[in-house]
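> Sequence plus predicted model, see below.
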Amino acid sequence: MSYKFTRYGDFLKIMVEQDAPFKDLEDAAREIVNLKDLKRISLDLKNCYYIQSKALAALIAMKKNSIKIGAEFIVSNVCDNVYQVMEMANLTSYFTIEEDFSSYTSDELMEKFFQPDYADRVSDFIAGSYSDEFRAKLLEILEMPEPELKFYAILTMGKAHDYSAEERIKKELDSDIPLIVKASVLVLGWFGDSGSKEKIYQVLETGNEEVAEAAAASISLLSDESDAERLGRLLSSHSKVIRIAAIQAMTLINDDTCFGLLKDALDKEQEDDVKAVLIRAVSSFNKAGVSDILIKGLDSKSIKIREASAGGLAKIKAKDKLEDIISRITDTDAWVGYFAVKACGEICSATEAERLMSSYDKVEENVKLAIVDALGKIPGDFSDFYMTILDNGNEDIRKEVLSSLLHDNKENAKEAAINLFANDSSWIVRYKALEILEQIRPEGFRDMLMARLTVDDSKYVKDKIQAVLEEI
Amino acid sequence: MITAATIKIKDDEFVELKDIIYKNAAISFADSKKYLLENRLSKRLQELNFTSFKDYIYYLKYDAKKREEMEVLLNQVTINETYFLRERAQMDHMIKTIIPELLNSGKRSVRIWSAACSSGEEPYSLAILLNEAGLFAKANIEILATDINTEVLNIAQQGLYRTISFRGVPPMIQDKYFSKDGFAFKLDPNIMNKVKFFQGNLLNPMMSVKVGRLDIIFCRNVLIYFDIPAKQKVIELFHKSLGMPGTLYLGHSETLNKISESFRMENFGGGIIYKKI
Amino acid sequence: MFDVQDNGGKKVVFVKGEVNAQTGSDLKKGILELYNSASSVVISFKGVVYMNSSGLREIIDLLKSVNKLKKELKLCEMSADIREMFTFTGLDKVFKIYDTQAQALG
């Protein structure tokens, strides 16, 4: 037999061997019906690098039989090849596909550290189920010459709060390899190892991009009263990387001294992109004068600085500068306008909404979109305005109108969504309409879905319809 | 990657972005790869002061510089985060085992192909290690490097790299082969001369003529972007291009299982190689 | 500085105002006491208007103690700014962080 059932309480795991014949899978599907008291059944394909299309029918049978006995059915550890086969058969939304790292041996798991797209999640898993076995393996990796593996091994020990590894991790601060230094710096910051602070400053001062941010983060976590001044001196470093790292550390420390020093640096800094970083930094201080700095930034000649300032105003929700912000909606740089409108969405009341609507005809498309979006966030019902632009030639405008209608007037939203779901020429609009109908669940929803399923020509909309049908 | 705050992508945003990427580069992202877009693009979004993927999609659609941004986007999603000496065990295996075997069998010229060389880190790493092992003196070694993307090939041919490309490199090697050039590092021209770059699509039938007969192929972390028929085509090309004995190195997560029967898998301890049958 | 809500054995702590060195330390002590009668605590950051790295350090300290007790700590409802502090320091990988209170409790 090429499959094995293992039961853990009300959870059943079905492990399948490589090259399992589909007949065996059919047998497994039949067996499911006879099982009792199961809540979850997981078919684990970790050993299958390929799947015959015939076997897919068996998978479908497994799901059907699982539902019959009242259990949820999951397919886990699907590799890319198998996923592609399922995708060709349009089954990826039919099955719930998950990862289940508990099926892997510790060696197989460590191996996954080589794959950047898996590594983080594997590391989380190991840290969450940390054991002596994992610990021994990770220590073993630290003696190997593989930077990627070591990087994740150190982070994993950090996540698992394995303080017994602290001294070992400290040694890696001296590593030649930036990736490894980065991991050690971060973890020692988490561990609160003040003894390493001096060393971490040295790391920061090398100006290596790969490690500078991590050093900034950990210095802030290890900081005391003396660090603001020390970091402040780095703001005039010749290296842009060091200046930016210092700004980041000071943003995190976020005290009066740091604020003063960063403000001064704004006047002295020569490079626009570092200035934009400073603007963003200042906007995360909860201090008087921040909104003035940002408003001033709006007049800069540099687009980067103007956009960072407008973004900052949106972030701090500068109510005291509402008038200045509204006046920027029609800025010649459409992205400044965009951010200004975004800020309005956070801080305006229905009274000012009028001014957003009257600016609508004067601004670029992206600002128009932001206006519709912002109106949806401002309390009040602006349906009348939306209705005038619902037949706009731009698909994104129609889409935004649908979303905002949902916030302001459910009844109108329902009508518009039903109409656009059936008739709009853009799949993007039909997709949004479907999302809205999914929430409202109007009468006859299922029939609507069935009707569209046959005629809609967008794969994305069809997939979504199938997923919704599955759910209801 | 750790330290950049991840911005979550909503379902509708994911579908639209995936469609944009597909239309511009014929690369398809499965739903299971959502996190990949989040991980790779969050930093870019923050640089642009954006807080959601919707903002970014509008930027791609409505900004005057949208063509340029499309390139930034495609670079982020298609280029494997690569650096010098990445997954070095395979390279060391080539140096210590495969090439000595070829030389012992009497071969005096060896041809190596880096089949999706991106910005050049892989073929240059091979050249550096070959040089370190003194192998250029023992044989006539040719390194070919191709990529579909002309942008990355330009970078490769300039030989200028930023610190991020050196994340896996001992300083000894970095100091020996690179000289500081402003914020970047310039590769030794003697190493650059060892690699021949040209543009090429792995699915183009003319490719085998372009590359000729080879001994060793590196093609790492590229197959994941292709569907099964395309994978089969690429592997067929590799098989056709390799002489006997021929060696193929794939990425760590990639396998030929059920894609091709014309290679034999071998585990050399530090990883996997595929030998032509 | 914080309200507590009992949610079927799990306690939800709503932190208000600033989380700095001083308030963070008080918060830590206060929350640790809750573990006398609960095995899991969820901290909601919804009402937090300000936090800096000293405050963050106190939260790490709290997690350290909670782990020693072999109990559970979850965080939720962070503003973008606070969330960024966690991600920038890599601590988003160390803590269990959820968008909503319901997800944290679920």
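Perfect, thanks for sending it.
> Please, which helix or strand holds whichever residue of chain C sits closest to chain B?
The minimum distance from chain C to chain B, using CB to the nearest CB, falls at C:T87 (3.7 Å). All C-beta spots, glycine's among them, are computed from the backbone N, C-alpha and C. C:T87 is part of helix C:80-88 when elements are defined by DSSP states H and E.
> Report the buried residues of that helix.
C:D81, C:I82, C:R83, C:E84, C:M85, C:F86, C:T87, C:F88 (16 or more other CB atoms under 10 Å in any protein chain shown).
> Ok, stretch A:408-421 next?
A:D408, A:N409, A:N412, A:A413, A:K414, A:A416, A:A417, A:I418, A:L420, A:F421.
> And for that stretch, what's in contact with it?
A:375-376, A:380-383, A:386-387, A:390, A:398, A:401-402, A:405-406, A:429-430, A:433-434, A:436-437, A:440, A:442, A:448, A:452 (CB atoms under 8 Å, 6 or more residues apart in numbering or on different chains).
> same deal with stretch B:39-51?
A:117, A:280, A:307-308, A:310-311, A:339, B:1, B:4-7, B:52-53, B:55-56, B:59, B:72-73, B:76-77, C:80.
> Give me the distance between it and the centre of its chain.
Relative to its chain's centre, stretch B:39-51 lies at 24 Å (CA atoms, centre = their mean, to the nearest Å).
> Then stretch A:209-226?
On CA atoms, centre = their mean, the centre of stretch A:209-226 falls 24 Å from that of its chain.
> hmm, it in reach of chain B?
Yes - on the criterion CB under 8 Å from any CB of the partner chain, stretch A:209-226 is in touch with chain B at A:E209, A:E210, A:E213, A:A214, A:A217.
> Quick one: mean pLDDT over that stretch.
In this model, stretch A:209-226 carries a mean pLDDT of 94.
> just the CA coordinates of that stretch, formatted as PDB?
Taking only C-alpha atoms (Å, rounded to 0.1, in the frame of the first residue of the first chain), the coordinates of stretch A:209-226 have been written out as PDB:
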ATOM      1  CA  GLU A 209      24.300  48.200   3.600                       C
ATOM      2  CA  GLU A 210      23.500  44.600   4.400                       C
ATOM      3  CA  VAL A 211      24.100  45.000   8.200                       C
ATOM      4  CA  ALA A 212      23.600  48.700   8.800                       C
ATOM      5  CA  GLU A 213      19.800  48.600   9.300                       C
ATOM      6  CA  ALA A 214      20.000  45.600  11.700                       C
ATOM      7  CA  ALA A 215      22.700  47.400  13.700                       C
ATOM      8  CA  ALA A 216      20.500  50.500  13.900                       C
ATOM      9  CA  ALA A 217      17.600  48.400  15.100                       C
ATOM     10  CA  SER A 218      19.600  46.600  17.800                       C
ATOM     11  CA  ILE A 219      21.400  49.800  19.000                       C
ATOM     12  CA  SER A 220      18.000  51.300  19.600                       C
ATOM     13  CA  LEU A 221      16.900  48.300  21.600                       C
ATOM     14  CA  LEU A 222      20.100  48.400  23.700                       C
ATOM     15  CA  SER A 223      20.200  52.200  24.000                       C
ATOM     16  CA  ASP A 224      20.600  54.300  27.200                       C
ATOM     17  CA  GLU A 225      20.700  58.100  27.600                       C
ATOM     18  CA  SER A 226      24.100  58.400  26.000                       C
END
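> rewinding a little: present the buried residues of helix C:80-88 as TSV; the columns should include distance to A:A183 and pLDDT.
TSV is the format used below for the buried residues of helix C:80-88 (distance: CB to CB, whole Å; pLDDT from 0 to 100):
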residue	distance to A:A183	pLDDT
C:D81	25	84
C:I82	24	91
C:R83	22	88
C:E84	20	86
C:M85	19	91
C:F86	17	93
C:T87	16	87
C:F88	15	88
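> and those residues near chain A, which?
Answer for those near chain A (CB under 8 Å from any CB): C:D81, C:M85, C:F88.
> Now the buried members of the contacts of stretch B:39-51.
A:117, A:280, A:307-308, A:310-311, A:339, B:4-7, B:52-53, B:55-56, B:59, B:73, B:77.
> Pull the distance from stretch B:18-26 to the chain's centre.
20 Å.
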